[in-house]
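In: Predicted structure and sequence below. I'll ask about it afterward.
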Amino acid sequence: MGQPLAKQLITLYFDLREHGLAEDSAEALTCSRFPDLDGDVYEAFLRQVRPAHRRAHGVFFTPQQLVAAQVRLAADVLANCFGCSAGFGDHRVLLVDPAAGAGVYPLAAMADTAERCCAAAPRIVAFEARPGAATLVRARLSRAGAHKVDVRVEDTLGAELQGSAPILVCMGNPPYRRGRALEATFATHTGVHGKNLHNAYVYFWRWALRTVFQQREGAGLVSLVTPASFLAGPGFGGLRALLRQELDELWVLDLGGDGRGARPSDNVFEIRSPVAVTMGVRFGCASPDPARVWFARLDGTRAEKLDALDRVRVVRDIAWREVDGGPQAAFVGRRVTRYHSWPLLTELFPLQLSGCQMKRTWPVAPTRAAVLQRWQTLLEFEGADRQRAFQVTRDRSCASTPPGLFDGAPRQPALATLDTGGAPPQVVRYAYRSFDRQWLLADSRLGDFMRPRLWRMAGPRQIFLTSLLTGVLGDGPAAVATALVPDLDHFRGSFGGRAVIPLWLDFEGTQPNVDARACDVLSDRLGIAVSPEDLLAYCYALLSSSAYARRFHEELLEPGPRVPVDVSVTAFARGVELGRELLWFHTFGTRIVSGRALHGRAACIDAPSQPTCFRYDDGEQRLQVGNGIFGPVEPGLWSFGVSGLRVLPSWLGYRILPAKHPSLLDDIRPLWTDTATHDLLELLWVLEGTLALQPEL
């Protein structure tokens, strides 16, 4: 590598360490581990120094195929819309990289200019907050012949661009680490989804729009690689409206890559958050008309996506679909079908709430005995040890004295004041995950966001639906019913939000959570009386069918399931009948009471005795739980899932496997008892009944 590069790497290393991003290891500085200067030195160095940081950010390692495609698309727009045949080499163009990293965008712009046989070097300004990284950028650009590139060591978000050009281009892959600096402001002005906005990439979007379009009159182009959350997320409606307002045309290339959601797909980065390339252009002065928005999506493996990007030369190489809608409408291309004329589920049932968010797992357990033992163990600790066992968060500590959870309950004393042997809170059944009823210490001191309103609604007639109302649904049911107060992540174990729909607004079940006109309009149209329970049952028959998610796979890329109400009286009545049957099954026989006992084919052949593992035998159609055996268990039961949550493996995992989040209290594990055996049988019978009804849905 040579001495100069070694010095640069050392500079970078101490820069990283100053920011708390470097491991204190001389081995990480071994020059033989890195490629030469023409390679991705910065990326390789970070791969050695801080692999976890690299994975968390994902922004230092933009694949060359993606960078080159981004540059070619922008150059095509410059050539065809502005007459800049030399692309970035045109004297009217100034390229700004807001987060230079390893300098890949300026280098790619130079390479594209050379391919266009332009002798002029691009005019480039590159911002990089880290001095060590900026040193590498200068060295790489200098070696490539770009001696006049302006590399500025400063925080982009606080910087003002000095100088301009007739056509200003901002292009790059800014960081997208979440922060909390402006959380209070966003919460005040954007409501429940505002927390998603305090993310660095949103700030970079705002900086790019202000720099390229709002502080100057004239043409410009912005092309950024960012997380795809702003494409359809409800908290980003303002950003989408601003983009439509400031631009004339906008192209959104969704690269997918959601490694944690309901529809997992390969990512072009080594991260698990979906990403997108967004390119917007203004041809001159601001226009009062909203931008035309075009959408496309790349599917396939990582290699297939990169190969597709490598083949992109011009904008028309991609099959774009125009996006319709108002200022805040999602940037998701769709075929307008009959589906889009149906009302949203949330329009029929207008109130949605968030489920309980404990922020600690120990107050929830599969058995009543386990949570009571954890409570008594907590009280055996004193002082700082009790705080540590409790797991202090921003909103709860052992000194917290929140209002009681239930109506009329007095404010309770702080946990820190309780003596050993203090009376435990009320222990109640709790809808922890889809089809997984666990036990909860129902005490507002133990959970950060216990949602008292949900508990006040949880009467003997109540039915809650949970779903993904602001995210993309995967395979399986689009909604799941429960008679119990649900957890925030009840539906699929993660990505919970304001997605709990109660049937009733009160404990007695006299005030329906139904649009005031819905039942009357349906009654008039169908010529029959339609009650709130009927409407819920009809909707549930449709949404709980796995066929719904398959049939509307593309439409459901836009969050929020829709329900057809323009049906015949026969179809509606049959839907109500099937929905009531499913609601009976999914509430474990506690709602829509039919006078029959919950039962099915599966039986306990051999009872388990404190199992530590489980497995499924497809050939024998048997479920082995430790030394216990259950059967027959059809393959469909074992594979049954809810947007990625495998119901049976998840249920068994919570009862048999070690704690997912080990702690002083979570390590108190539940014992397997006859009750657990019966609960497993009930779950198998519920899934049997669900699958038996699927052909009719």
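Out: Done, it's in.

In: Which segments of this structure make up each domain?
Out: Domain assignment for the chain by automatic domain parsing gives 3-53, 58-334, 364-580, 603-696.

In: nearest to Pro350, of those?
Out: Closest approach to Pro350 among the domains of the chain (CB to CB): domain 364-580, 5.8 Å. From N, CA and C alone the C-beta is placed, and that goes for glycine too.

In: Measure how buried the residue lying closest to Pro559 once chain neighbours are set aside is and give me the count.
Out: Closest residue to Pro559 apart from its sequence neighbours, by CB to CB, 6 or more residues apart in numbering: Thr470 at 5.0 Å. The number of residues packed near Thr470 is 20, by other CB atoms under 10 Å.

In: Tell me the secondary structure at Thr470.
Out: Following DSSP: H, G, I helix; E, B strand; the rest coil, Thr470 is assigned to coil.

In: how far away is it from Tyr339?
Out: Per CB to CB, to the nearest Å, Thr470 is found 18 Å from Tyr339.

In: How about Trp504?
Out: 28 Å.

In: Can you pull up the most central residue in this protein?
Out: Phe495 (5.4 Å; CA atoms, centre = their mean).

In: And the domains of the chain, which one averages the lowest pLDDT?
Out: Among the domains of the chain, domain 3-53 has the lowest mean pLDDT, at a mean of 49.

In: Span of stretch 599-616 from start to end?
Out: 21 Å (CA to CA, to the nearest Å).

In: so where do the helices sit in the stretch 351-500 of the chain?
Out: Taking DSSP state H, counting those that start in this stretch, the helices of the stretch 351-500 of the chain run over residues 368-380, 383-390, 452-457.

In: how close does the closest residue to Gln391 other than its chain neighbours sit to Glu382?
Out: With sequence-adjacent residues excluded and distances taken as CB to CB, 6+ apart, Gln391 is closest to Arg360, at 4.4 Å. Separation of Arg360 from Glu382 (CB to CB) stands at 19 Å.

In: How far does stretch 631-642 stretch from one end to the other?
Out: The stretch stretch 631-642 measures 22 Å between its terminal residues, going by CA to CA.

In: And for stretch 487-504?
Out: First residue to last in stretch 487-504 (CA to CA) measures 18 Å.

In: How far does it sit from its chain's centre?
Out: The chain centroid and the centroid of stretch 487-504 are separated by 14 Å under CA atoms, centre = their mean, to the nearest Å.

In: same check, this time on stretch 309-324
Out: Relative to its chain's centre, stretch 309-324 lies at 26 Å (CA atoms, centre = their mean).

In: try stretch 622-631
Out: 35 Å.

In: Contacts for it, please.
Out: Contact partners of stretch 622-631, identified using CB atoms under 8 Å, 6 or more residues apart in numbering, comprise 602-617, 620-621, 632-633, 638, 648, 652, 656, 672, 677, 680-681, 684.

In: now do 7 Å
Out: 602, 604-617, 621, 633, 652, 680, 684 (CB atoms under 7 Å, 6 or more residues apart in numbering).

In: Mind checking which of the residues you listed land in helices?
Out: Among the contacts of stretch 622-631, the residues falling in helices (DSSP state H) are 652, 680, 684.

In: Who is the residue nearest to the first one when sequence neighbours are not counted paired with across the strands?
Out: It refers to Leu652. Excluding its sequence neighbours, the residue lying closest to Leu652 (CB to CB, 6+ apart) is Phe614, at 4.8 Å. Per DSSP bridges, the residues bridged to Phe614 are Val625.

In: Filter the contacts of stretch 622-631 down to the buried ones, PyMOL style.
Out: Selection of buried members from the contacts of stretch 622-631 for PyMOL, criterion 16 or more other CB atoms under 10 Å:
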select buried, resi 602+604+608+611+614+616+621+633+652+680+684
